[in-house]
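Trainee: Just the structure for this:
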Amino acid sequence: MEMMKELMWIYGVINQEIIDNINEICRECNKDLFLSERYLNFPLHVSFKRSFYTDCFSDIKEEVIRYMKNHSSVNCGPYYLERYKDLLWLRFTDEEKLNDIHNELDELLLNEYGIPLDEYDHNYAPHVTLFRNPDEDKLDMMYERIKDRIIYKPIMIDKIIIGSRTHENETINIDSV
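Mentor: Sure, this is the predicted structure:
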């Protein structure tokens, strides 16, 4: 019997204090704009790899844990708010470590499991999505409302989430794997 492919994700979770601060500001500023808050309902995070389909979840999970053992917490540096296409997101001033992790995971998953690269992988821009909406005027208004209210502190990623639709998310503290 052939195993069914499942959607898998790997992402780094940012500091809880910053998540709470940003969520509170975004929700307050959104009261009359009614933008979808779906991204605020998840832990604010940085994707290390676009979600992908695999039938090797357990093997990949173990491989990612082995890989992350070589990393301590990831300091993403300060961040800034940016409007990009239909997104409002936080970008980082120091992306080198995030780019290294992304590229190394891409190479590992391609070489060991045949997980292909996609457009996201070729144009990786580490970020934390706050809102996505095709109404650029609403996104512009939201940008103006929150840009001076967010406390721009350095972001640390000290745990990763590895999950899929059929497996519970597993939280891994980077320093303790």
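
Trainee: Could you use CA atoms for every contact and neighbour count after this?
Mentor: OK.

Trainee: Tell me if I'm right that residue 143 and residue 86 touch.
Mentor: No - with contact defined as C-alpha atoms under 8 Å, residue 143 does not reach residue 86; the gap is 12.0 Å.

Trainee: Give me the more crowded residue out of the two.
Mentor: Each of residue 143 and residue 86 has its neighbours counted (other C-alpha atoms under 10 Å); residue 143 has more, 19 against 13.

Trainee: Can I take it that that one is in a helix?
Mentor: Yes - assessed by DSSP: H, G, I helix; E, B strand; the rest coil, residue 143 belongs to a helix.

Trainee: tell me the contacts of it?
Mentor: For residue 143, the contact set (C-alpha atoms under 8 Å, 6 or more residues apart in numbering) comprises 81-83, 88.

Trainee: before we move on, what about residue 115?
Mentor: Contact analysis of residue 115 by C-alpha under 8 Å, 6+ apart lists 52, 54, 106, 109.

Trainee: Tabulate those residues (JSON lines), appending neighbour count.
Mentor: Converted to JSON lines, the contacts of residue 115 look like this (neighbours: other C-alpha atoms under 10 Å):
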{"residue": "52", "neighbour count": "16"}
{"residue": "54", "neighbour count": "18"}
{"residue": "106", "neighbour count": "21"}
{"residue": "109", "neighbour count": "18"}
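
Trainee: could you dump those residues to a markdown table with secondary structure?
Mentor: Below are the contacts of residue 115 laid out as a markdown table (three-state DSSP):
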| residue | secondary structure |
| --- | --- |
| 52 | strand |
| 54 | strand |
| 106 | helix |
| 109 | helix |
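
Trainee: center of the chain - which residue?
Mentor: residue 46 (2.1 Å; C-alpha atoms, centre = their mean).

Trainee: Could you list the low-pLDDT ranges of the chain?
Mentor: Applying pLDDT under 70 to the chain flags the ranges 1-3, 72, 168-177.

Trainee: Which stretches in this structure count as helices?
Mentor: Ranges of helices within the chain are 16-29, 57-68, 96-113, 119-122, 136-146, based on DSSP state H.

Trainee: Off-centre distance for the third one?
Mentor: Average the C-alpha atoms of helix 96-113, do the same for its chain, and the two points are 15 Å apart (C-alpha atoms, centre = their mean, to the nearest Å).

Trainee: how about that helix: buried residues?
Mentor: Neighbour counts over helix 96-113 (16 or more other C-alpha atoms under 10 Å) mark 98, 101-103, 105-109 as buried.

Trainee: Which of the contacts of residue 143 are buried, as a ChimeraX select command?
Mentor: Restricted to buried positions by 16+ other C-alpha under 10 Å, the ChimeraX selection for these reads:
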select :81,83,88
